[in-house]
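1. Here is my input; please provide its structure:
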Amino acid sequence: MKHLFLSVMLLCCTLLGTAQQRVIMGDEQTSEYFPLLKGKRIAIFSNHTGMVGDKHLLDVLLENDFNVVAIFSPEHGFRGNADAGEHVASSVDEKTGVPILSLYDGKLGKPSAASMNKFDLLIVDIQDVGLRFYTYYASMCRLMDACAEYGKKMLILDRPNPNGHYVDGPILDMKHKSGVGWLPIPVVHGMTLGELALMVNGEKWLPEGRQCEVTVIPCKNYTHQTLYRLPIPPSPNLPNMKSVYLYPSICYFEATPVSLGRGTDLPFQVYGHPNMTGYDYSFTPRSVPGAKNPPQLNRLCHGVNLSTLSDEEIWKKGIDLSYVIDAYNNLHMDDYFFRPFFEKLIGVDYVRKMIEAGKSADEIKAMWQDDVKKFKEQRKPYLLYAE
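-> Modelled structure (predicted):
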């Protein structure tokens, strides 16, 4: 078809490194979903990752004369260049003139009735990274709730999960529910957005037990043991696969005074603080696009460079709290090290207490193994891809 230019050949391999067939995204399978769009007013939930080959889904739909009336944009904005948590105003896409309705305009709520009444069908095409504290899935869930309330249909053009080959971390205690923890799932849930949406419906996780009418176009040539390498950075501070793989272990520094490399060339791949001692490595966070005011701005930080770890070393450990424990023990800040945001990220009360009590990363990890086992069973009915 004329609108498909597959110049970007995405290669996949298994964890053992065996070459596989190219994964075919949901959005590439136009013959499967174009018939569903005829005569519909269409909104899309997407950002810069919503590419069909070398064209954005928005352009593909407009070129094929579909009536796209609105774009819902997530954290970091439609172009993917805003800071984490930054207020992103609604606007208009300069190229197409389609209105952009920001889901990160400071309210973090559901879209307004006026926004919901603009469309009949909402298409989701966005690259997630499979972490409970990565906000794209939470935005999708709020849109599911709004669609359920207003009788709108949702079509998910599924994409692989780059951390989809394992499950790890405690299930969120819902008393810690927040913008960085929306569902009772582990930190690393190992599901695609399509699978997660099916689970949200099946487990009745939307408020008041609402159900959203969801259709998923699954990927082809993908399983949960496929190692999928992202062709486009999903957000400004996840610039490469090393940062994506270390993210489940490093993000907790967001709830401490320690820098995790925002404002450097190695975000989510280093950690350090001006007062940490005994380290050979150092770095200085600067104000850069996507990290305008990073922690420890312009201060020389001493710490650890994890970017030299092999992917296999990172996968073998999964969530590794030894980095947070190392910094906690080095700084001797006691009650001033952890902020309340830590519980929102890790999702339970006992982790902070165990770190403060001097427990090891392995001892803490053992505490959530029952959660991992329970969730793997719970999610089975909703999986679209072989484990």
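2. what's around the nearest residue to Glu387 once chain neighbours are set aside, how many residues?
-> Of all residues beyond its chain neighbours, the one nearest Glu387 is His224 (4.9 Å), with distances taken as CB to CB, 6 or more residues apart in numbering. Any C-beta I mention is one placed from the backbone N, CA and C, and that applies to glycine too. Neighbour count of His224, defined by other CB atoms under 10 Å: 19.
3. does His224 count as helix, strand or coil?
-> The three-state label given to His224 by DSSP: H, G, I helix; E, B strand; the rest coil is coil.
4. how close does it get to Leu196?
-> 13 Å (CB to CB, to the nearest Å).
5. Just the helices from the stretch 151-300 of the chain, written as ranges.
-> 193-202, 241-250 (DSSP state H, counting those that start in this stretch).
6. Show me what counts as buried in stretch 169-187.
-> 169-172, 176, 178, 180-187 (16 or more other CB atoms under 10 Å).
7. Over to stretch 124-142?
-> 124-142.
8. likewise stretch 51-64?
-> So stretch 51-64, judged by 16+ other CB under 10 Å, has buried residues 51-53, 55-62.
9. For the residue lying farthest from the centre of the chain, which non-adjacent residue is spatially closest?
-> In terms of distance from the mean C-alpha position of the chain, Gly278 ranks first, at 33.9 Å (CA atoms, centre = their mean). Closest residue to Gly278 apart from its sequence neighbours, by CB to CB, 6+ apart: Asn330 at 7.1 Å.
10. wait, is that neighbour part of a helix?
-> Yes. Judged by three-state DSSP, Asn330 forms part of a helix.
11. Residues contacting stretch 297-316, please?
-> Residues outside stretch 297-316 that contact it (CB atoms under 8 Å, 6 or more residues apart in numbering) are 15, 165-166, 241-242, 245-246, 249-250, 258-259, 263, 266, 269-274, 276-277, 279, 281-287, 320, 323, 326-327.
12. Among those residues, name the buried ones.
-> For the contacts of stretch 297-316, buried by 16+ other CB under 10 Å: 165-166, 241-242, 245-246, 249-250, 258-259, 263, 266, 269-273, 276, 279, 283, 285, 320, 323, 326-327.
13. Show me the strands in this protein, by range?
-> 12-14, 41-46, 51-52, 55-56, 67-73, 91-92, 99-102, 121-125, 153-157, 213-217, 226-228, 270-273, 281-283, 301-305 (DSSP state E).
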